[in-house]
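*Asks:* Coordinates for the following, if possible.
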Amino acid sequence: MAILVMFRHGQSVWNLENKFTGWVDVELSPKGVEEAKAAGEKLQGFHFDYAYSSALKRAQNTLTIALETAGIAGVPTTYDKALNERMYGDLQGLNKAETAEKFGDEQVHIWRRSYDIAPPNGESLKDTAARVIPYFEAEIAPKLKAGKNVVIAAHGNSLRALIMVLEKMTPDEILKFEIGTGVPREYKLDDQLNVLEVKDL
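*Replies:* A predicted model of the protein is given here:
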């Protein structure tokens, strides 16, 4: 059996300002730092063989703070843009309320909550899954199948792609699934990556 723990980065400064962030590399807010510490407190007593995060510092710093808080040191860590947040294209940096005024509530809702419709010059959740899932299957799944424990700190949409696969959700189900900031989700997996148990810590 292997343990996989995944959690979304703490609040970023652009989350705080209600802006579309995507691939823009912004810092954690003070609240985000506290959320990362809170996540780490829930990880005390865990052992991880490998850690993964995206190429964006809000996820990387969340992972670092959480592991330090948990007293977990020396975990081999890989950062890869395959785990980045969904790329929001022309919406990046725009305030969400202003974007709704500019394009209309309905259009913004479609961009945010449809599976396969991307904002201008950005990615849909389907596009995000198309880079996240092959990376997971090539790099992370073999370690889990070998019984190694893995922790991933990433983003709302990159985690949605993974949760959809692990929990066998439909696109409609995963779009409705809310992922809180800094809340570790623990999976106990067999050697075929079937979920034996899943819970939020």
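*Asks:* Name the nearest residue to the most centrally placed residue in the chain, sequence neighbours excluded.
*Replies:* With distances taken as Cα atoms, centre = their mean, the residue of the chain nearest its centroid is His155 (2.7 Å). Residue nearest to His155 in three dimensions, not counting chain neighbours: Glu85, with 3.6 Å by Cβ to Cβ, 6 or more residues apart in numbering. Using the backbone N, CA and C atoms, a C-beta is placed for each residue, glycine as well.
*Asks:* Assumed the one you found was part of a helix.
*Replies:* No: under DSSP: H, G, I helix; E, B strand; the rest coil, Glu85 falls outside any helix and is assigned coil.
*Asks:* circling back to that earlier point, residues contacting the residue nearest to the centre of the chain?
*Replies:* Taking Cβ atoms under 8 Å, 6 or more residues apart in numbering, we find His155 in contact with Arg8, His9, Ser54, Leu56, Ala59, Leu83, Asn84, Glu85, Arg86.
*Asks:* ok, and the most crowded of those?
*Replies:* Neighbour tally across those (other Cβ atoms under 10 Å): the maximum, 31 neighbours, falls on His9.
*Asks:* any idea how far Gly180 is from that residue?
*Replies:* 11 Å (Cβ to Cβ, to the nearest Å).
*Asks:* what does Ala118 give?
*Replies:* The gap separating Ala118 from Gly180 is 25 Å, by Cβ to Cβ.
*Asks:* Next: Tyr115.
*Replies:* 21 Å.
*Asks:* Look at these two and report which has more neighbours.
*Replies:* Per other Cβ under 10 Å, whichever of Tyr115 and Gly180 has more neighbours is Tyr115, with 16 against 11.
*Asks:* any idea whether the more buried one is helix, strand or coil?
*Replies:* Put simply, Tyr115 is coil when judged by three-state DSSP.
*Asks:* so who does it touch?
*Replies:* Tyr115 sits next to Ser124, Leu125, Lys126, Pro171, Asp172, Ile174, Leu175 when contact means Cβ under 8 Å, 6+ apart.
*Asks:* Under a three-state scheme, what state does the fifth one occupy?
*Replies:* Each residue gets one of three states, and Asp172 gets helix by three-state DSSP.
*Asks:* Quick check on the closest residue to it other than its chain neighbours: phi, psi?
*Replies:* The shortest distance from Asp172 to any non-neighbouring residue, by Cβ to Cβ, 6+ apart, is to Tyr115 (7.6 Å). For Tyr115, the backbone dihedrals are phi -80, psi -40 (criterion: degrees, to the nearest 10).
*Asks:* Just the buried positions in stretch 187-201, please.
*Replies:* Going by neighbour count (16 or more other Cβ atoms under 10 Å), the buried part of stretch 187-201 is Tyr187, Leu189, Leu193.
*Asks:* Great, nothing more from me.
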